[in-house]
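K.L.:
Sequence plus the predicted model coming up.
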Amino acid sequence: MPGGRLTQPERQQIATGLADGLAYAEIARGLDRPTSTVTREVMRNGGPTAYRADLAHRATEHRAHRRRQTAPRGPQTPPQAHGRDAEAVREYEEMFTTVMMASGMPTMMARVMACLTLTDTGSLTASELAQRLQVSPASISKAITFLDSQGLVRREQGERRRERYVVDDDVWYQSMMASARSIAQVVEVARQGVGILGPGTPAAARLENVARFLDFVSESTARAAEQAREILHTKPRTPSDGAAEPGSEHG
């Protein structure tokens, strides 16, 4: 299996495969590359509908050039615990970031979220984030403000009164519940509009359909989040766990 960076012909082959409607795994087999390589390449360069081989190649060269420029003043790669491959972790963090960006999260917010999520402690200070991501404290502050407003991180007081930013184990549960509450507010407003616009009118009927649809989505989202949190939540093993099977506490 070939390694190293993708070549321009390989990127063109990816673009052709996407245009033909092929799955990432099928494109990867044609290139003799891991599926994760193709997924990361596409997601960091516009996604499956906007991927262009020439733009992707230039963007990759630009990122590589930028990394070379910043390497002399940047910190050493943080030591990896648990025998992890530092390069594999770095590449995975990039892929995690690009997937969140593709879902609509702004770039810096996605980078901060990925950095926090992939840290064993699940918490970092502003200075630690700025050092790891090689960005200004102002950029970190802006990203944290956004993530905090979305319920994706929380703040806590650390040592020497330094604020720490924390990603809890149930962060996505909290985010989904916040989303359900937000949708419920839209439902309430839509139903108010039915009365104002007059039941039976085209506009009121449209709002009624919106309210019914979103009410179902909101309730289903909250119910599914509660069930998933109860059934699927996994805790990391500790040395005292021995060979206990995951989920054994549920019988």
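P.N.:
Structure's in. What do you need?
K.L.:
Assess the claim that residue 99 and residue 43 are in contact.
P.N.:
Yes. Contact criterion Cβ atoms under 8 Å: residue 99 and residue 43 qualify, at 5.4 Å. Any C-beta I mention is one placed from the backbone N, CA and C, and that applies to glycine too.
K.L.:
Show me which of those two is the more surrounded one.
P.N.:
Shown here are residue 99 and residue 43; by other Cβ atoms under 10 Å, residue 43 has more neighbours (22 against 17).
K.L.:
Return the residues in contact with the residue nearest to the more buried one when sequence neighbours are not counted.
P.N.:
Excluding the flanking residues, the one nearest residue 43 by Cβ to Cβ, 6 or more residues apart in numbering is residue 98, at 4.1 Å. By Cβ atoms under 8 Å, 6 or more residues apart in numbering, the residues touching residue 98 are 40, 43-44, 110.
K.L.:
Kindly reformat these as TSV containing distance to residue 86.
P.N.:
Converted to TSV, the contacts of residue 98 look like this (distance: Cβ to Cβ, whole Å):
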residue	distance to residue 86
40	17
43	22
44	19
110	21
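K.L.:
Okay, and which of those residues map to helices?
P.N.:
Using DSSP state H, the members of the contacts of residue 98 that fall in helices are 40, 43, 110.
K.L.:
low-scoring stretches of the stretch 101-250 of the chain, by residue?
P.N.:
Applying pLDDT under 70 to the stretch 101-250 of the chain flags residues 236-250.
K.L.:
would you list every one of the strands in it?
P.N.:
123-125, 154-157, 163-166 (DSSP state E, counting those that start in this stretch).
K.L.:
For residue 82, find the nearest of these.
P.N.:
strand 123-125 (17.9 Å; Cβ to Cβ).
K.L.:
Neighbouring strands - and their directions - for the closest one?
P.N.:
Neighbouring strands of strand 123-125 in its sheet, by DSSP bridges, are strand 163-166 (antiparallel).
K.L.:
Using PDB, write out every CA atom in the partner strand.
P.N.:
Output of strand 163-166 as PDB, limited to C-alpha atoms (Å, rounded to 0.1, in the frame of the first residue of the first chain):
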ATOM      1  CA  GLU A 163      -9.700  29.400  33.500                       C
ATOM      2  CA  ARG A 164      -9.900  26.000  31.900                       C
ATOM      3  CA  TYR A 165     -12.100  24.900  29.100                       C
ATOM      4  CA  VAL A 166     -13.700  21.500  29.500                       C
END
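K.L.:
Can you give me the buried ones in it?
P.N.:
164-165 (16 or more other Cβ atoms under 10 Å).
K.L.:
just stretch 126-145 next, same as before
P.N.:
Buried positions in stretch 126-145, judged by neighbour count with 16+ other Cβ under 10 Å: 126, 128-130, 132-133, 135, 139-140, 142-144.
K.L.:
again with stretch 84-99
P.N.:
For stretch 84-99, a neighbour-count test (16+ other Cβ under 10 Å) marks 92-99 as buried.
K.L.:
From those, which land in helices?
P.N.:
Using DSSP H, the subset of the buried residues of stretch 84-99 located in helices is 92-99.
K.L.:
Pick the one among those residues closest to residue 170.
P.N.:
residue 96 (18.3 Å).
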